[in-house]
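J.: Sequence and predicted model, in that order:
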Amino acid sequence: MIFNSLTGRKEALVPLVPGRVGMYVCGVTVYDHCHLGHARSAVVFDVIRAALIDRGYKVTYVRNFTDIDDKIIRRAREEGKTSEEIAAAYTASFHEDMDRLGVKRPDIEPLATGHIPDMIAIISALIEKGAAYSAGGDVLFRVKKFSSYGALSKRSLDEMLAGARVEVSEHKEDPLDFVLWKASKPGEPAWPSPWGPGRPGWHIECSAMAMKHLGETIDIHGGGHDLLFPHHENEIAQSEAYTGRPFVRVWVHNGFLNINREKMSKSLGNFFTIKEVLARFDPEVVRLFLLSTHYRHPIEFSDQNLRDSRSALDRAYRFLDLLERERKDASSPVHGGGGGPEDGGTSGGDLLEQVRRFEDRFDEAMSDDFNTPIALGSLFDLVRDLNRQIVSERSLGRSVPTELLGRAGEAVRRAGRILGLFQHDPRAWLEGPGGRDGDERRREVERLVAERTAARKARDFALADEIRRRLEEEYAVVLDDGPGGTIWRRKAEEGSGETGKSGGEKRGNGEERRGEAGKRGNGEAE
RNA sequence: GGCGCCGUACCCAAGUGGCUAAGGGAGCAGUCUGCAAAACUGCGAUUCAGCGGUUCAAGUCCGCUCGGCGCCUCCA
């Protein structure tokens, strides 16, 4: 089941072509670095795509770049560069962010500037059909000609007019009409067209790119909730007026990422870039955080929430590490841990049952409108259940059959592949980042641990404790004496501070606020 | 002004008519441990913003009130 913004309820996904899903998601306008709100959208649809593939669909995922637009032009002018240079730079920045977040590349990443002829073709056809008109070098869509306008955003033409915030331009026949083609001013980037040099309006590019790559009717069209109106409403109008067929079967909109209860956005200036966040938190921590709330609900960005996610992720990795160590122990002759495959016993049966139950619950959750919070809940249930089993077997002098340990680990890893989590080796994750000094640090830690083990053997606990203290203070390493020897892991480090402390103070100046300052809450209360 | 969303324990967060209100984080206590850590066990909402209503049964449906937010303009 998948929630469709158009119908307002969950529906079964019925692709146009059985077994294949065409999915288009509105990408970003490449005029600046992306903030965490953009990351949410990308991660959400990354997971949706993976869940669909897991369910056996052949998915074609298209996500565009808006690489020509007023903001890009403005930015280029400010920096004395070309629009192309700006677009290229921030496209690269976006890719870097996505790669770090483990967001897989879509199958196709079309550029608006690469589809100008397609847009012109659509616009020309719309004019012929009387759905659009040219005026003063612009081409506008005649909204009143499209009777079902407002179906997606559930508002009537009258209501929209009553809103009175619609820009009334001199060329418009009607205030609600929107631009398909925009005449360029001298010096601005321009493409030749039947209506003179100009550039595409924002909405037409998505229609053109979606239809070009996925056909006239696409199965899933997604984007942030803020795109629902007018962007997606306009896409529907122009596309359906053009083809006469339904444009999209299921509309999917992700909720906002809030900060201090407000939407994180460029125009409010209350954003943290993905790079800023990743400087303080591991990408998987960020992903877990983003997936811990259902994709349609708002999620609150805060240091505390990120730290909670880090703790939760550590718990999962500790569990995965335990599985692997148990496996080694059980198969090592030294331990002779009896847990051969035939040792199944009663607990083995329970355990297999628990793993299966987890798989079922996980799939069920993901199938129910991609309910990642429930999916994660089922995962942590499994963690608790298996930890419990392992402890109880241990107390009986036995170990859990290695096959089942492997089966459990695989189940978690499969879930992790869909969510983009648990992609690290558990020991490497727990021990902390390697890097240039990593090996050096590791050797030193190992040496101290061995030294302490010797001290413990000699029952020199004073020295052992001293070494532990040193490891914690100098290496931020915490020790864990277990039946299989001493293991160590990095202490959950405190974030380095700056970014999160302010907790979303608005950025005072910044170009984003230009002309917008005071739009809200500028102190002039009535 | 129009349309819409949200309000669940200290924090985060599922649950959308019916078993004891998932799960994570934090806290406290216990088991284990030379000491720790982890893990496990127990404690923690007789209650789901408030008030009415529908129903045999409501956190879940309806109405009102209070509080927060979003879209209507570029925005994931």
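T.: That came through, no problem. Just so it is clear, the structure is predicted and the values come from calculations on it, not from any experiment.
J.: For the stretch 401-526 of chain A, just list every one of the helices.
T.: In the stretch 401-526 of chain A, the segments counted as helices under DSSP state H, counting those that start in this stretch are A:402-419, A:426-431, A:438-457, A:461-475, A:498-501.
J.: among those helices, which is nearest A:Arg490?
T.: Nearest to A:Arg490, of all the helices of the stretch 401-526 of chain A, is helix A:426-431, at 6.1 Å by Cβ to Cβ. Heads up, the C-betas are built off the backbone N, CA and C, glycines and all.
J.: Just give the closest residue to the closest residue to RNA strand B within the stretch 351-500 of chain A, not the sequence neighbours.
T.: Nearest residue of the stretch 351-500 of chain A to RNA strand B: A:Gly377, at 2.5 Å (Cβ to the nearest atom of the strand). Nearest non-adjacent residue to A:Gly377, counting by Cβ to Cβ, 6 or more residues apart in numbering: A:Ala365, 7.9 Å away.
J.: For A:Val250, give me phi and psi.
T.: Main-chain torsions, A:Val250, degrees, to the nearest 10: phi -130, psi 120.
J.: buried sites along the helix or strand hosting A:Val383?
T.: In this assignment (DSSP states H and E), A:Val383 forms part of helix A:372-395. Neighbour-count burial for helix A:372-395, counted by 16 or more other Cβ atoms under 10 Å, picks out A:372, A:374-376, A:378-379, A:382-383, A:385-386, A:389-390, A:393.
J.: Using CSV, write out every CA atom in it.
T.: Extracted as CSV, the C-alpha positions of helix A:372-395 are listed here (Å, rounded to 0.1, in the frame of the first residue of the first chain):
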residue,chain,number,x,y,z
THR,A,372,10.3,2.7,8.4
PRO,A,373,9.6,3.5,12.1
ILE,A,374,7.8,0.2,12.5
ALA,A,375,10.3,-1.6,10.4
LEU,A,376,13.0,-0.3,12.7
GLY,A,377,11.0,-1.2,15.7
SER,A,378,10.7,-4.8,14.5
LEU,A,379,14.5,-4.8,14.0
PHE,A,380,15.2,-3.7,17.5
ASP,A,381,12.8,-6.4,18.7
LEU,A,382,14.9,-8.9,17.0
VAL,A,383,18.0,-7.5,18.6
ARG,A,384,16.5,-7.9,22.0
ASP,A,385,15.2,-11.3,21.4
LEU,A,386,18.5,-12.7,20.0
ASN,A,387,20.6,-11.0,22.7
ARG,A,388,18.4,-12.7,25.2
GLN,A,389,18.8,-16.1,23.5
ILE,A,390,22.5,-15.7,23.3
VAL,A,391,22.7,-14.8,27.0
SER,A,392,20.5,-17.7,28.0
GLU,A,393,22.4,-20.2,25.9
ARG,A,394,25.6,-19.0,27.4
SER,A,395,24.3,-19.5,30.9
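J.: and it with helix A:402-419, angle?
T.: Per axes from the mean of the first three to the mean of the last three Cα atoms, to 10 degrees, the angle that helix A:372-395 makes with helix A:402-419 is 160 degrees.
J.: Tell me which residues touch A:Gly224, please.
T.: By Cβ atoms under 8 Å, 6 or more residues apart in numbering, A:Gly224 lies in contact with A:26, A:37, A:41, A:253-254, A:256.
J.: ok, it to RNA strand B distance?
T.: Per Cβ to the nearest atom of the strand, to the nearest Å, A:Gly224 is found 2 Å from RNA strand B.
J.: how about the helix or strand harbouring A:Val355, does it reach RNA strand B?
T.: Using DSSP H and E, A:Val355 sits in helix A:345-367. No. Figure legend: helix A:345-367 not in contact with RNA strand B (Cβ under 7 Å from any atom of the strand); closest approach 7.6 Å.
J.: which residues touch that helix?
T.: So helix A:345-367 is contacted by A:1, A:51, A:54-55, A:371-372, A:374-375, A:377-379, A:381-382, A:385-386, A:389, A:392-393, A:398, A:400-401, A:404, A:407-408, A:411, A:414-415, A:418 (Cβ under 8 Å, 6+ apart).
J.: and the closest residue to A:Gly136 other than its chain neighbours, helix, strand or coil?
T.: Distances taken as Cβ to Cβ, 6+ apart put A:His171 closest to A:Gly136, at 4.9 Å, once the chain neighbours are dropped. Of the three states, A:His171 takes coil under DSSP: H, G, I helix; E, B strand; the rest coil.
J.: pLDDT score for A:His171?
T.: Looking at A:His171, its pLDDT stands at 78.
J.: That one against A:Val139, yeah?
T.: No. Counting by Cβ atoms under 8 Å, A:His171 stays clear of A:Val139, with 9.4 Å between them.
J.: The two: which has the busier surroundings?
T.: A:Val139 (28 against 15; other Cβ atoms under 10 Å).
J.: tell me the SS of the more buried one?
T.: Each residue gets one of three states, and A:Val139 gets strand by three-state DSSP.
J.: Also the one 5 residues further on?
T.: The three-state label given to A:Lys144 by three-state DSSP is helix.
J.: I figured it hits A:Ser156, correct?
T.: No. If you go by Cβ under 8 Å, A:Lys144 and A:Ser156 don't touch, sitting 11.9 Å apart.
J.: which phi and psi does A:His188 have?
T.: Small correction: residue A:188 is Glu, not His. Per-residue torsions, A:Glu188: phi -90, psi 150 (degrees, to the nearest 10).
J.: Measure how buried the residue nearest to it when sequence neighbours are not counted is and give me the count.
T.: Leaving aside its sequence neighbours, A:Glu188 sits nearest to A:Ile73 (Cβ to Cβ, 6+ apart; 5.9 Å). Burial of A:Ile73 is recorded as 20 neighbouring residues (other Cβ under 10 Å).
J.: for A:Ile73, what are its contacts?
T.: If you count contacts by Cβ under 8 Å, 6+ apart, then A:Ile73 has A:83, A:188-189 around it.
J.: and the one helix or strand it maps to with RNA strand B, contact?
T.: When elements are assigned from DSSP H and E, A:Ile73 belongs to helix A:70-79. Yes. Residues of helix A:70-79 contacting RNA strand B under Cβ under 7 Å from any atom of the strand: A:Lys71.
J.: And the helix or strand just after that helix, what does it pack against?
T.: Of the helices and strands lying after helix A:70-79 in sequence (DSSP H and E), the nearest is helix A:83-100. If contacts are counted by 3 or more Cβ pairs under 8 Å, 6 or more residues apart in numbering; DSSP states H and E, helix A:83-100 sits against helix A:36-54, strand A:58-66, helix A:70-79, helix A:274-278.
J.: May I have the longest one as CSV, with CA atoms only?
T.: The reference is to helix A:36-54. Listed next in CSV are the C-alpha coordinates belonging to helix A:36-54 (Å, rounded to 0.1, in the frame of the first residue of the first chain):
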residue,chain,number,x,y,z
LEU,A,36,19.3,18.6,5.3
GLY,A,37,15.7,19.0,4.1
HIS,A,38,16.9,18.1,0.6
ALA,A,39,18.7,15.1,2.2
ARG,A,40,15.4,13.9,3.7
SER,A,41,13.7,13.8,0.3
ALA,A,42,16.6,12.1,-1.3
VAL,A,43,16.9,9.5,1.4
VAL,A,44,13.2,8.8,1.5
PHE,A,45,12.9,8.2,-2.2
ASP,A,46,16.1,6.2,-2.1
VAL,A,47,14.5,3.9,0.4
ILE,A,48,11.2,3.8,-1.5
ARG,A,49,13.0,2.8,-4.6
ALA,A,50,15.0,0.1,-2.7
ALA,A,51,11.8,-1.3,-1.1
LEU,A,52,10.1,-1.5,-4.5
ILE,A,53,13.1,-3.3,-6.0
ASP,A,54,13.1,-5.6,-3.0
